[in-house]
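Peer 1: Fold the following.
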Amino acid sequence: MTRFRAFGRQTGKTLTAPFRGLRDRWRRWSRWRRALLVLALVAAVPVAALGSLFVSIRLHYSGEPAAEARTRGRDAVWLGHAWVDGRKTEADVDALVRQLSGTGVRDLYVHTGPLEHDGSLPPAVHPRARWFTDAAHRALPGVRLQAWLGDEVKPEKDALDLEDAPTRDRVTASARQVLDLGFDGVHFDLEPIRPGSAGWLALLDRVRPVTAARGAVLSVAAPQIDPVPGLHTAGILLTDHGKWWDRAYFAATARRVDQIAVMTYDTSMPTEPLYGGYVAQQTELALRATPADVDLLIGLPFYWDDKWGHWGRAETVDAAVRGVRLGLGRQDLRRPRFGVALYVDFASTPENWASYRRGWVDAT
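Peer 2: From the prediction side, this is the model:
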């Protein structure tokens with residue numbers, strides 16, 4: 001027994017010798033040197049976590065899209081304000097008909113606002129709205145025209161206050177106003193709404209009966225979903241900007257509308273594979289959070305920018321479409337109420353449209 005104890009003590013000393021050496025070295029270091037090492041280790045943790053996140057996102061871009069992952073004829077396009085303020089003509093409507101021919105576009109989000117900060121909508125901002133709805137209904141039978149109403153939102157911006165009931169009443173009146181102009185639906189793009197806003201959900205509950213009574217559509221543009229749990233909270237704390245929604249709040253919004261379009265652009269992703277992987281991940285997250293009886297659309301960047309929030313060389317239509325197809329194929333390949341939304345007509349290029357047609361409409 002004595003020999004066994006001695007052997008155990010000797011083995012313990014051998015195993016702990018490296019740690020004792022590190023401890024002795026640590027004690028010999030100055031306080032500044034210790035502090036620098038601690039700071040380096042602390043900094044390494046988020047860097048490692050970020051690296052793991054990027055690896056995970058990149059893996060979402062791997063594989064081959066399923067042949068069935070293609071248009072269901074439920075796509076949409078955001079159209080700029082020129083269609084309702086007098087700048088567009090019948091010739092432009094004819095050109096739009098040619099542009100949409102043979103695509104999967106069913107909905108047009110026509111910028112009819114912006115709303116005033118009190119929620120009202122002055123008729124002077126859309127003097128040719130009735131002309132456009134009449135002309136487009138004649139030229140594009142079967143295509144739904146939705147009035148795109150937007151504004152910035154408190155508390156991040158000194159603008160629309162959705163927590164104020166009279167403001168919500170005026171927004172609801174604005175929804176009635178555009179339906180009276182011949183629109184087939186109302187499309188809200190109010191930003192940036194922070195997850196947890198009771199006023200936003202209350203607004204949807206207020207407007208939904210109005211659109212339903214007219215047989216019209218209620219749709220919304222929604223932020224991206226947290227790629228990792230809690231990221232929206234960290235983003236608000238660090239930058240005072242609400243970029244993401246948590247999955248529960250996204251689902252709460254989706255349950256209150258007929259259609260939800262995720263703005264999957266301005267992601268800061270630096271390469272095409274990372275951007276495409278991010279879109280694939282967002283597609284999967286949104287599919288899990290959106291009820292089966294609600295149209296889910298994934299936004300495609302039909303514009304070019306070159307800045308920190310949007311690298312044009314990375315955020316391409318090709319990468320986005322491939323990401324959408326991969327995410328759809330992995331999560332809910334046969335979901336019928338699914339499409340893509342193209343942002344935005346006035347910044348689009350022939351190459352954008354060609355990529356959309358090749359990758360999504362004519363995909364095999």
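
Peer 1: Determine the longest strand present in the chain.
Peer 2: Assignment by DSSP state E gives strand 144-152 as the longest strand of the chain.

Peer 1: What is the burial count for the nearest residue to Leu53 once chain neighbours are set aside?
Peer 2: In space, Leu53 comes closest to Val228 once its chain neighbours are excluded; the distance is 6.3 Å by CB to CB, 6 or more residues apart in numbering. For every residue, glycine as well, the C-beta is placed using N, CA and C. Here the number of neighbours of Val228 (other CB atoms under 10 Å) works out to 13.

Peer 1: how close does Val228 get to Leu190?
Peer 2: Counting by CB to CB, to the nearest Å, the separation of Val228 from Leu190 is 25 Å.

Peer 1: The residue nearest to Leu53 reaches Phe54, doesn't it?
Peer 2: No - using CB atoms under 8 Å, Val228 makes no contact with Phe54, being 11.5 Å away.

Peer 1: Which strands or helices does the one helix or strand Pro166 maps to pack on?
Peer 2: Element membership of Pro166 [criterion: DSSP states H and E] is helix 165-180. Counting contacts by 3 or more CB pairs under 8 Å, 6 or more residues apart in numbering; DSSP states H and E, helix 165-180 packs against strand 144-152, strand 185-191, helix 198-213.

Peer 1: right, so these: which one is the most enclosed?
Peer 2: Among those, ranked by average contacts under mean count of other CB atoms under 10 Å, first place goes to strand 185-191 (a mean of 24).

Peer 1: Let me know the average pLDDT across that one.
Peer 2: What strand 185-191 shows for mean pLDDT is 98.

Peer 1: what packs against that strand?
Peer 2: The contact analysis (3+ CB pairs under 8 Å, 6+ apart) places strand 185-191 against strand 105-111, strand 144-152, helix 165-180, helix 198-213, strand 217-222.

Peer 1: Tell me how far the third one lies from the chain's centre.
Peer 2: The reference is to helix 165-180. The chain centroid and the centroid of helix 165-180 are separated by 25 Å, computed with CA atoms, centre = their mean, to the nearest Å.

Peer 1: Now that helix: buried residues?
Peer 2: Residues of helix 165-180 classed as buried by neighbour count (16 or more other CB atoms under 10 Å): 167-168, 170-172, 174-175, 177-179.

Peer 1: Arg138 versus the spatially most central residue of the chain, what's the distance?
Peer 2: Ranked by distance to the mean C-alpha position of the chain (CA atoms, centre = their mean), the top residue is Met263 at 2.8 Å. Met263 sits 31 Å away from Arg138, going by CB to CB.

Peer 1: Ala147 too?
Peer 2: In terms of CB to CB, Ala147 sits 18 Å off from Arg138.

Peer 1: Now do the SS call for the closest residue in space to Pro127 that isn't next to it in sequence.
Peer 2: Among residues not flanking Pro127 along the chain, Gly86 sits closest, at 6.0 Å (CB to CB, 6+ apart). Secondary structure, DSSP: H, G, I helix; E, B strand; the rest coil: Gly86 is coil.

Peer 1: what about Gly86, how many neighbours?
Peer 2: Residues near Gly86, counting by other CB under 10 Å: 11.

Peer 1: if we can go back for a sec, so what strands line up beside the longest strand of the chain?
Peer 2: Take DSSP bridges as the rule and strand 144-152 pairs in its sheet with strand 105-111 (parallel), strand 185-191 (parallel).

Peer 1: Generate CSV for the ones you listed, with distance to Glu351 as supplementary columns.
Peer 2: Shown next, in CSV, are the strands paired with strand 144-152 (distance: least, CB to CB, whole Å):
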stretch, distance to Glu351
strand 105-111, 18
strand 185-191, 25
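
Peer 1: The nearest residue to Asn352 once chain neighbours are set aside: what's it in contact with?
Peer 2: Once flanking residues are discounted, Asn352 sits nearest to Phe302: 4.5 Å by CB to CB, 6+ apart. Phe302 makes contacts with 317, 342-345, 347-349, 352-353, 356, as judged by CB atoms under 8 Å, 6 or more residues apart in numbering.

Peer 1: Equivalent analysis for Asp189, please.
Peer 2: Asp189 touches 109, 148-150, 220-221, counting by CB under 8 Å, 6+ apart.

Peer 1: Try it again at 7 Å.
Peer 2: Going by CB atoms under 7 Å, 6 or more residues apart in numbering, Asp189 touches 148, 150, 221.

Peer 1: Would you state the helices of this structure in chain order?
Peer 2: Assigned by DSSP state H, the helices in the chain fall at 2-28, 31-59, 90-100, 129-139, 165-180, 198-213, 231-239, 247-254, 272-289, 317-331, 350-356.

Peer 1: All set, thanks.
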